[in-house]
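>>> Dropping the sequence and predicted coords here.
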Amino acid sequence: MKKSTKESGFATKAIHSGQEPDPSTGAVAVPIFATSTFVQQGIGKHKGYEYARVSNPTRTRLEQNLAALEGGRSSHVFSSGMAAINAMCTTLKAGDHLICSHNVYGGVPRLFNQILANYGLQFSYVDTSDAQNVARALRPNTRIVYVETPTNPLMSVSDIRAISRICRGHGAELVVDNTFMSPYFQQPIALGADMVIHSTTKFLNGHSDGLGGAIVCTRKSQAEKFAFIQKSAGAILSPFECWLVLRGVKTLAVRMEQHDQNGRAVAAFLDKHKKVKAVFYPGLRSHPQHALARRQMSGFGSMISFETGSLGNAKRMLARVRVCSLGESLGGVETLISHPATMTHAALGPAGRKAIGITDGMVRISVGIEDVDDILADLDHALRAI
Ligand SMILES: Cc1ncc(COP(=O)(O)O)c(C=O)c1O
């Protein structure tokens with residue numbers, strides 16, 4: 001059994017932390033508290049809840065659960081991953097500088113460059129797979145280093161421990177987007193990160209039926225800031241969607257094991273396929289950061305990108321998939337296949353994509369937990385269209 005840093009194992013925490021039976025009824029599943037407000041016994045007298053934007057019992061349970069899984073002090077959930085990333089940036093002031101991995105989910109630079117830069121925040125993009133690039137990009141006003149590892153979609157891996165040392169020396173906070181690995185395969189806080197970001201929409205929910213985002217904190221001062229941002233800016237996660245994540249997280253450990261097993265099989269298949277020009281998967285020995293991935297992660301997960309050679313080839317193969325569903329997003333039980341250049345990374349534009357190596361022929365796959373032979377047969381059939 002996979003052990004966590006605290007006494008109980010990861011799967012036990014996923015099922016029980018914050019998921020204790022409801023004290024008033026004994027319900028084993030956390031109830032959905034569908035209420036906007038809470039009756040108060042008198043002025044200033046209440047049971048800990050006043051208004052649902054500030055806090056809600058279903059949300060509290062999810063926040064306890066995610067903090068326990070990431071080994072953080074607290075967590076704060078938002079209406080989407082992007083809402084969580086935006087909330088993180090509202091802790092900055094005009095004139096502050098943030099360093100971001102140059103290859104991240106395309107919505108992140110869109111938020112930074114097209115919205116937040118208008119408020120006087122400064123952004124630099126560097127290849128964080130070389131930690132020294134972070135050291136070189138630091139400025140006196142650098143407050144946050146934002147790293148996605150592995151990255152979307154090139155699966156490049158950054159050394160969390162090395163970057164955290166650089167940040168500590170400078171007084172900047174290291175924020176790691178742990179969406180692709182989930183806390184099951186990667187524990188950024190144990191490696192020195194100050195905060196962890198999730199799109200809970202992906203593996204944490206795991207069933208492609210709700211959006212959500214989370215920030216996991218390590219310090220009381222951060223927790224206070226994010227509780228204040230939730231209350232003041234209001235982009236919080238609804239009780240129903242909190243419940244969906246609480247439900248999903250109970251099977252995170254078994255799902256991630258199966259995602260990993262299927263992911264390795266699909267990567268090996270694509271790597272040998274004569275129609276596939278290149279495969280990007282940290283579990284392959286040929287991956288440039290394979291050794292780091294082995295050290296830093298306890299599995300390789302199920303996110304894989306591969307090169308078909310041209311837009312035409314990508315179109316032809318994607319038109320033929322049947323078990324794999326063509327669509328944006330990832331991390332669900334079903335295999336999702338997508339085309340980064342026209343979907344997740346369209347906002348970067350051709351020059352932005354070229355600069356980081358995203359081609360028109362690149363296809364990304366989030367391998368689900370169907371029978372792996374069915375996924376392989378589907379991909380083989382689709383690749384014959386090239
Ligand atoms: C790694 C990563 N982080 C953040 C996000 C944004 O999350 P959301 O779609 O929940 O806003 C995504 C979305 O695909 C993502 O892939």
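Thanks, I have the structure now. Numbering: from 1, shown residues only.
>>> which intervals of the stretch 1-150 of the chain have sub-threshold pLDDT?
1-6 (pLDDT under 70).
>>> where does it come near the ligand, residue by residue?
80-82, 105, 107, 148 (CB under 6 Å from any ligand atom). For glycine as for every other residue, the C-beta is placed from the backbone atoms N, C-alpha and C.
>>> Ala137 and Gln122, how far apart?
11 Å (CB to CB, to the nearest Å).
>>> about what we covered before: possible to save the residues of the stretch 1-150 of the chain next to the ligand as a markdown table with distance to Ile197 and neighbour count?
Formatted as a markdown table, these follow (distance: CB to CB, whole Å; neighbours: other CB atoms under 10 Å):
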| residue | distance to Ile197 | neighbour count |
| --- | --- | --- |
| Ser80 | 11 | 19 |
| Gly81 | 7 | 23 |
| Met82 | 10 | 19 |
| Tyr105 | 10 | 24 |
| Gly107 | 12 | 17 |
| Glu148 | 9 | 22 |
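>>> OK, contacts around the residue of the stretch 101-250 of the chain found nearest the ligand?
Ranked by CB to the nearest ligand atom, the top residue of the stretch 101-250 of the chain for proximity to the ligand is Ser199, at 3.0 Å. By CB atoms under 8 Å, 6 or more residues apart in numbering, the residues touching Ser199 are 80-82, 84, 105, 177, 179, 211-213.
>>> from those residues, which ones fall inside strands?
177, 213 (DSSP state E).
>>> and of the contacts of Ser199, the nearest to Arg59?
Gly212 (10.4 Å; CB to CB).
>>> if you skip the residues just before and after it, what's nearest to that closest one?
Thr200 (3.6 Å; CB to CB, 6 or more residues apart in numbering).
>>> Count the neighbours of the one you found for me.
Using other CB atoms under 10 Å, Thr200 is surrounded by 31 other residues.
>>> Surely it touches His76?
No. Contact criterion CB atoms under 8 Å: Thr200 and His76 do not qualify, at 11.6 Å.
>>> got any residues that touch both of those two?
Joint contacts of Thr200 and His76 (CB under 8 Å, 6+ apart) are Ala214.
>>> ok, back up a step: for the residue of the stretch 101-250 of the chain closest to the ligand, report the pLDDT, please.
Looking at Ser199, its pLDDT reads 98.
>>> Got the phi and psi for it?
Torsion angles at Ser199 (phi, psi; degrees, to the nearest 10) stand at phi -90, psi 100.
>>> Please work out which residue of the stretch 51-200 of the chain is closest to the ligand.
Gly81 (2.3 Å).
>>> Show me what the spatially closest residue to that residue that is not a sequence neighbour bridges to in the sheet.
Residue nearest to Gly81 in three dimensions, not counting chain neighbours: Ser199, with 2.8 Å by CB to CB, 6+ apart. With DSSP bridges as the criterion, Ser199 is bridged to Gly213.
>>> Please enumerate the helices of the stretch 251-386 of the chain.
Secondary structure of the stretch 251-386 of the chain (DSSP state H, counting those that start in this stretch): helices at 252-272, 290-296, 311-318, 349-356, 372-383.
>>> winner for burial among those?
Neighbour counts (mean count of other CB atoms under 10 Å) averaged over each of the helices of the stretch 251-386 of the chain peak at helix 252-272, with a mean of 20.
>>> packing partners for that one?
helix 10-16, helix 182-185, strand 278-280, strand 303-307, helix 372-383 (3 or more CB pairs under 8 Å, 6 or more residues apart in numbering; DSSP states H and E).
>>> which other residues reach it?
2, 10-11, 14, 69, 182-185, 203-204, 206, 276, 279, 281, 283-284, 286, 299-304, 306, 333, 365, 367-370, 372, 375-376, 379-380.
>>> Quick check on these: which are buried?
Among the contacts of helix 252-272, those classed as buried by neighbour count (16 or more other CB atoms under 10 Å) are 10-11, 14, 69, 182-185, 203-204, 206, 276, 279, 281, 283-284, 299-304, 306, 333, 365, 367-370, 372, 375-376, 379.
>>> For Ser80, which non-adjacent residue is spatially closest?
Nearest to Ser80 is Leu211, by CB to CB, 6+ apart, at 4.5 Å.
>>> Give me the neighbour count for that neighbour.
Neighbour tally, Leu211, other CB under 10 Å: 20.
>>> Confirm for me that it is in contact with Phe78.
No. Using CB under 8 Å, Leu211 and Phe78 do not qualify as a contacting pair, with a distance of 9.5 Å.
>>> Helices of the stretch 101-250 of the chain, residue ranges please.
Using DSSP H, counting those that start in this stretch, helices in the stretch 101-250 of the chain cover 107-114, 131-137, 160-170, 182-185, 220-233, 239-249.
>>> Buried residues in the third one, which are they?
Think helix 160-170. Those would be 160-164, 166-167, 170, for helix 160-170 by 16+ other CB under 10 Å.
>>> which strands and helices sit next to that helix?
helix 131-137, strand 142-148, strand 173-177.
>>> Identify the residues contacting stretch 309-319?
275, 277, 308, 326, 337, 339, 341, 360-363, 382-383, 385-386.
>>> which of those are buried?
275, 308, 337, 339, 341, 360-363, 382-383, 386.
>>> Let me see the backbone angles for the most centrally placed residue in the chain.
Central residue of the chain (CA atoms, centre = their mean): Thr179, 1.6 Å from the mean position. Phi and psi for Thr179, reported as degrees, to the nearest 10, are phi -60, psi -40.
>>> OK, contacts around it?
Neighbours of Thr179 in contact, by CB under 8 Å, 6+ apart: 81, 105, 148, 152, 197-199, 202-203, 331.
>>> now, which of the residues you listed sits nearest Gly352?
Set against Gly352, the nearest of the contacts of Thr179 by CB to CB is Tyr105 (13.1 Å).
>>> Now for the closest one: which residues touch it?
81, 148, 152, 177, 179, 199, 344 are the contacts of Tyr105 under CB under 8 Å, 6+ apart.
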